[in-house]
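**Q** My questions are about this predicted structure, shown below with the sequence.
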Amino acid sequence: MPIYEYRCRDCGHRFEILQRLGQGAEDLECPRCTARQLDKQCSTFASGSGGPAQSGASPASCGPGSGFT
Ligand SMILES: [Zn+2]
């Protein structure tokens with residue numbers, strides 16, 4: 001499952017999203033300021049920090065539907 005990194009254009013906050021294929025970015029928003037203007041980064045460092053493979057494994061996990069608001 002691909003991990004995408006997004007950067008908020010508003011506050012500059014960077015976060016990673018575990019995104020399924022076919023899932024658009026329309027519903028994504030910055031976990032910090034809830035802005036929806038996000039720049040998609042080309043993330044290929046899934047092995048860098050272990051990766052939030054499991055929901056709740058990382059406090060920074062903020063995927064949609066995780067109940068993290
Ligand atoms: Zn933001």
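**A** Nice, I can see it. Numbering: from 1, shown residues only.

**Q** Run through who's touching stretch 32-42.
**A** Contacts to stretch 32-42, defined as C-beta atoms under 8 Å, 6 or more residues apart in numbering, come from residues 4-11, 13-14, 25, 28-30. (C-beta placed from N, C-alpha, C; glycine too.)

**Q** quick one: which of these sit in helices?
**A** Judged by DSSP state H, the contacts of stretch 32-42 include no members of helices.

**Q** Which PyMOL command selects the buried ones in those residues?
**A** Buried subset of these, written as a PyMOL selection, criterion 16 or more other C-beta atoms under 10 Å:
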select buried, resi 4+5+6+7+8+13+14+28+29+30
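
**Q** Filter the contacts of stretch 32-42 to keep only those in contact with the ion.
**A** For the ion, the contacts drawn from those by C-beta under 5 Å from the ion are 8, 10-11, 13, 30.

**Q** Most widely separated two among these?
**A** Distance extremes for these: the farthest pair is Asp10 and His13 at 8.2 Å, using C-beta to C-beta.

**Q** how near is Glu16 to Tyr6?
**A** Per C-beta to C-beta, to the nearest Å, Glu16 is found 8 Å from Tyr6.

**Q** Looking at the ones next to the ion among the contacts of stretch 32-42, which are in strands?
**A** Mapping the ones next to the ion among the contacts of stretch 32-42 onto strands (DSSP state E) picks out Cys8.

**Q** How many residues are close by Gln41?
**A** Neighbourhood size, Gln41 [other C-beta atoms under 10 Å]: 13.

**Q** what's the pLDDT at Gly51?
**A** Here the pLDDT value assigned to Gly51 is 48.

**Q** The nearest residue to His13 once chain neighbours are set aside: which element?
**A** Of all residues not flanking His13 in the chain, Arg32 sits nearest, at 4.3 Å (C-beta to C-beta, 6 or more residues apart in numbering). Under the criterion DSSP states H and E, no helix or strand holds Arg32.
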